[in-house]
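>>> sequence isn't available, so here's the structure alone:
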């Protein structure tokens, strides 16, 4: 089964079948700030040393897996339905029920991994969403760029 491929033109690894059987991670960062992020935005960041200077924690080999993370949630105030921009922890169409178990995909999710950034995509309920996580070269910070477009 094929879960992803390398996009030579954009120099990115692309995961389009997002419900992987195990976590796929990408190391990002330069100089003093770095992090490890997976295909569902789980992960952790640190300053200078992952052993002594973790900014966020990560339980990659524990239950619940890949928690905590760098998650953004959306909520429809009319229906009360909510979902995360990434496949976990609250996949679209499940109202959060899929956080600890496999969930059938009801929205197209994908992830792209480049040099010092990760980009996540979701399209659900006429909302196109993109979340980019990156660490700038000369600034020890983690930046989140979220773009939402209502297609309805």
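That came in fine, so what should we check first? All values reported here derive from a predicted model rather than from experimental measurement. Numbers count the residues shown, from 1 in each chain.
>>> so what pLDDT did residue 75 get?
pLDDT, residue 75: 86.
>>> report the contact partners of the one residue sitting closest to the centre of the chain.
What sits nearest the mean C-alpha location of the chain, by C-alpha atoms, centre = their mean, is residue 41, with 2.4 Å. Counting by C-beta atoms under 8 Å, 6 or more residues apart in numbering, residue 41 makes contact with 69-71, 84-86, 88, 118, 120, 131, 133. Yep, even glycine has a C-beta here, placed from its N, CA and C like the rest.
>>> who wins for neighbours among the residues you listed?
Neighbour counts for the contacts of residue 41 peak at residue 86, which has 30 neighbours (criterion: other C-beta atoms under 10 Å).
>>> bridged to residue 35, which residues?
Note on residue 35: beta-bridge partners by DSSP bridges are residue 28, residue 45.
>>> so how far is residue 44 from it?
6 Å (C-beta to C-beta, to the nearest Å).
>>> just checking, residue 85 touches residue 128?
No - counting by C-beta atoms under 8 Å, residue 85 stays clear of residue 128, with 10.3 Å between them.
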